[in-house]
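**Q** take a look and give me a structure for this.
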Amino acid sequence: MEHFFMLFGFALASYAVVGNDAIQTLGTFLSSNSKRPWWVLWLFSSSILVAVMFYGFFVLGDISFGKFSGTFIKDGVDTYPSVFYWWYLIPPLVLLVITRFGIPVSTTFLIISVFAPSAIEKMLLKSVMGYGFAFILAVIVYLLISSLVEKYFIDTNKEEDVHWAWVVLQWGATGFLWSQWLLQDLINIFVYLYKPLKEHPETAHYYIIGATLLLVLFQGILFYYKGGEIQKIVTTKTNTTDIRSATIIDFIYAIILLLFYGPIPMSTTWVFVGLLAGREFAVNYQLKVQSMGAVSRVVLWDFAKIILGLIVSILLVVMIGLLRA
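**A** Down below sits the predicted model:
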C-alpha cells in the first residue's frame, strides 16, 4: 500500500506542479506564441524536459540535482519520513484545487515542507531573497529600457513588425529558462519517489523512464489547454504577449534562477511574481500605460496569493504533524 501511495502521490504532484509552477515558467512562451500549433510548443518544451531529466539521472546520478541531500540529509542522517502514509497525498490534492482558482502558489512550500518541516526556514529565507532580488533587478532594468525598448515594442506590436531573429532568441531564452526551472523544481515532484529511487537503485531507471513519459503527457495537456487559469498571471501584465518582451522576461528570470542554484530548494513562484511586479511598476512609471494605483493593486493581489500559499503550506505541516502524533 505504501508503494501505491508513493506512485499515486507522484502522479498527483506531477500534474499539479506542471499545472501551477511550470506554467509560470512557460507562460510567456505560451502567450507570445499563441498563434503557433500547440503541439509544436509541446515538442520543444518536452525535448528539453527529457534532456534535463536524463542528464540529471543517468549522468549526474541525482534527479533532484543535489536538493535531496540538501533537504533531507542532516549531519549524515536521512530525515525523510520512515513510513509513507496516505496524508502525504494531501498537498498535491490541495495544489490541484488551488490551481483551478488561478492562484500561483509555491509548490516548494506546499509539498516539500510536509516532508521536511525543519527546512521551511531556509527555504523561506532563500525565497524571500529571490523575490526581493527579482523585484529590484526588474525595476532597475525596466527603468533603463522601458522608455525606449518597451515603448518601441508596444508601438510596433504587429506580427509583421517582429524580425524573425526575435523568434529564435525567444525560443532560446525559453529553453534556457525551462532547464533552470527543472533544476530547481524537479524535487517537488520526485520527492514522492525518494525512497524507491534510493533503496532500489537497480530498478530506478524504470521509474525515471515512466516518470518522464508521464510528465511529457501532462505537458501536452497543459499546452493543449493553453495554460489554464494560472496563465492569467502572465497575460494580465503589460505587453507580455509580445514575443520580444517575453524574451527579455524569460532571460532575466533564467539568470536569476541560475544565480540562486544550490542544494536548498526555493520557490520559483516567488521569483517569478517578484520579477513581474518590479517590471510592472517600472514600465508603468515610465510609460503611464496604467495608473500606479491600478498597478499597485495587481501587484499586491499577486503577492497576497503567494502568501496564501505559504499559509496553506504551514497549516498542512501542522495538520500532518498532528496526524503523525
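
**Q** show the contacting residues for Tyr15.
**A** If you count contacts by Cβ atoms under 8 Å, 6 or more residues apart in numbering, Tyr15 has them with Pro92, Leu96, Phe218. C-betas here are computed from N, CA, C, even on glycine.

**Q** what about the helices in the stretch 1-150 of the chain?
**A** 2-17, 23-32, 38-54, 67-72, 90-100, 107, 113-115, 120-145 (DSSP state H, counting those that start in this stretch).

**Q** now these as CSV including distance to Phe281 and mean pLDDT?
**A** Formatted as CSV, those follow (distance: least, Cβ to Cβ, whole Å; pLDDT from 0 to 100):
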stretch, distance to Phe281, mean pLDDT
helix 2-17, 29, 86
helix 23-32, 18, 73
helix 38-54, 30, 93
helix 67-72, 32, 92
helix 90-100, 26, 81
helix 107, 26, 81
helix 113-115, 30, 87
helix 120-145, 6, 94
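
**Q** out of these, nearest to Leu177?
**A** With Cβ to Cβ, the closest approach to Leu177 among those belongs to helix 23-32: 6.0 Å.

**Q** which stretches of the stretch 151-300 of the chain have low pLDDT?
**A** In the predicted model of the stretch 151-300 of the chain, residues 157-161, 227-240 satisfy pLDDT under 70.

**Q** try 90 this time
**A** Low-confidence segments of the stretch 151-300 of the chain (pLDDT under 90): 151-168, 170, 198-202, 218-247, 249, 267-269, 272-273, 283-300.

**Q** in stretch 260-277, what counts as buried?
**A** Neighbour counts over stretch 260-277 (16 or more other Cβ atoms under 10 Å) mark 260, 265-277 as buried.

**Q** any of the contacts of Tyr15 buried? List them.
**A** Pro92, Phe218.

**Q** which of the contacts of Tyr15 lies closest to Trp42?
**A** For these, the minimum distance to Trp42 (Cβ to Cβ) is 10.6 Å, reached by Phe218.

**Q** how close does that closest one get to Phe4?
**A** Going from Phe218 to Phe4 by Cβ to Cβ, to the nearest Å gives 20 Å.

**Q** same question, Lys122
**A** In terms of Cβ to Cβ, Lys122 sits 32 Å off from Phe4.
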